[in-house]
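Participant: sequence and predicted structure below; questions after.
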Amino acid sequence: MSELVRLSISLERPLYETLEEMVRHSKYENRSEYLRDLIRDKVVADQWENAEEALGVITLIYNHHQRELSEKITNAQHHHHHLVLATTHVHLNSDLCAEMIMAKGKADNIRNLADTLRKQRGVLHLGLTMSSTGENLH
């Protein structure tokens, strides 16, 4: 486990009260845990903004009846094979499918893959969940 360091910060009262309210409404045991996760979220956001090594999950909802769409989705993944770690395909109903693609690589390359998929006719929704490889989060 990492060495813990105590620190003191100064906040304007309204900002302090906002923080206390946020902690109270969260599932966190204490302010320190809450602030640690806020900092980690910022580290991950910065990794994505700076196109560093990252982990992302692309979630697609699409109509599988759309002509050649399944093939285009597969081709895009093959074209970005160096990023794709795993894919899960789920049949939601007789028309709609969901596909989750876990990707690891430079953040801008993961975004490019997501953008390529998003632009395909028949893709109804695409979400990109940004995360970290875990480096620099401890």
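Facilitator: Here it is on my side, so go on.
Participant: give the buried residues for the least confident helix or strand in the chain by mean pLDDT.
Facilitator: Least confident helix or strand of the chain, by mean pLDDT, DSSP states H and E, is helix 31-49 with a mean of 90. The neighbour-count check on helix 31-49 (16 or more other C-beta atoms under 10 Å) flags 34, 44, 47-48 as buried. The way it works is simple: take the backbone N, C-alpha and C, and place the C-beta from them, glycine included.
Participant: take these and write them to TSV, including distance to A114.
Facilitator: Formatted as TSV, the buried residues of helix 31-49 follow (distance: C-beta to C-beta, whole Å):
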residue	distance to A114
Y34	30
V44	16
Q47	16
W48	12
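Participant: out of those, the closest to I110 would be?
Facilitator: W48 (8.5 Å; C-beta to C-beta).
Participant: need the contact list for the closest one.
Facilitator: By C-beta atoms under 8 Å, 6 or more residues apart in numbering, the residues touching W48 are 54, 107, 130.
Participant: quick one, phi psi at the residue lying closest to it once chain neighbours are set aside?
Facilitator: Distances taken as C-beta to C-beta, 6 or more residues apart in numbering put A107 closest to W48, at 4.3 Å, once the chain neighbours are dropped. Main-chain dihedrals, A107, degrees, to the nearest 10: phi -60, psi -40.
Participant: for H64, see how far away A107 is.
Facilitator: 29 Å (C-beta to C-beta, to the nearest Å).
Participant: got it, and E3?
Facilitator: 52 Å.
Participant: likewise T74?
Facilitator: Distance from T74 to H64, by C-beta to C-beta: 12 Å.
Participant: now the helices: where do they sit in the chain?
Facilitator: Ranges of helices within the chain are 13-25, 31-49, 69-79, 107-118, based on DSSP state H.
Participant: of those, which is nearest T88?
Facilitator: Of the helices of the chain, nearest to T88 by C-beta to C-beta is helix 69-79, at 12.1 Å.
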